[in-house]
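Peer 1: A predicted structure for the sequence below; I have some questions about it.
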Amino acid sequence: QVQLVESGGGLVQAGGSLRLSCAASGQAFSRYINEYTIAWFRDPPGKERDFVAAITWNNGKTLFPNSVKDRFTISRDNDQNTVYLQMNSLNPEDTAVYYCNAKASYGADYWGQGTQVTVSS
């Protein structure tokens, strides 16, 4: 099993920044850490879940959709088994519940509990 704990959400004004954290733990993660891709998704109110960012643990390769790639960055801390999502120039359309996902190359798939991000105009 893999446990994912998100933190860092909150209320911010448009134009502001937030940094979300996703702390991963569990024997399955530690043992096969280089098999994992950690991603962030979000559930905007009344809309479908969409992809925000991803990072592959073994080589640090990142991926972003066009909607956030010039504003968001994703990074990992190998010592803390934590992935960070730095979000800058936030706008009200970024308001959502943000979820951390860990997916292994062999199919294991885990989700965190989510953290609320609210951007006021």
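Peer 2: Sure thing, it's come through. On a predicted model such as this, the values are computed, not experimentally measured, just so you know.
Peer 1: can you pull the buried residues of stretch 17-31?
Peer 2: 18, 20, 21, 22, 23, 24, 28, 29 (16 or more other Cβ atoms under 10 Å). Where C-beta positions appear, they are placed from N, C-alpha and C, glycine not excepted.
Peer 1: do the same with stretch 74-94
Peer 2: Applying 16+ other Cβ under 10 Å to stretch 74-94 flags 74, 76, 81, 82, 83, 84, 85, 87, 90, 94 as buried.
Peer 1: show only the entries of these found in strands.
Peer 2: Among the buried residues of stretch 74-94, DSSP state E puts 74, 76, 82, 83, 84, 85, 87 in strands.
Peer 1: list the residues that contact the spatially most central residue of the chain.
Peer 2: The centroid of the chain falls nearest to residue 40 when counting by Cα atoms, centre = their mean (3.0 Å). Residues near residue 40 by Cβ atoms under 8 Å, 6 or more residues apart in numbering: 20, 22, 51-54, 74, 83, 85, 98-101.
Peer 1: what secondary structure does it sit in?
Peer 2: strand (DSSP: H, G, I helix; E, B strand; the rest coil).
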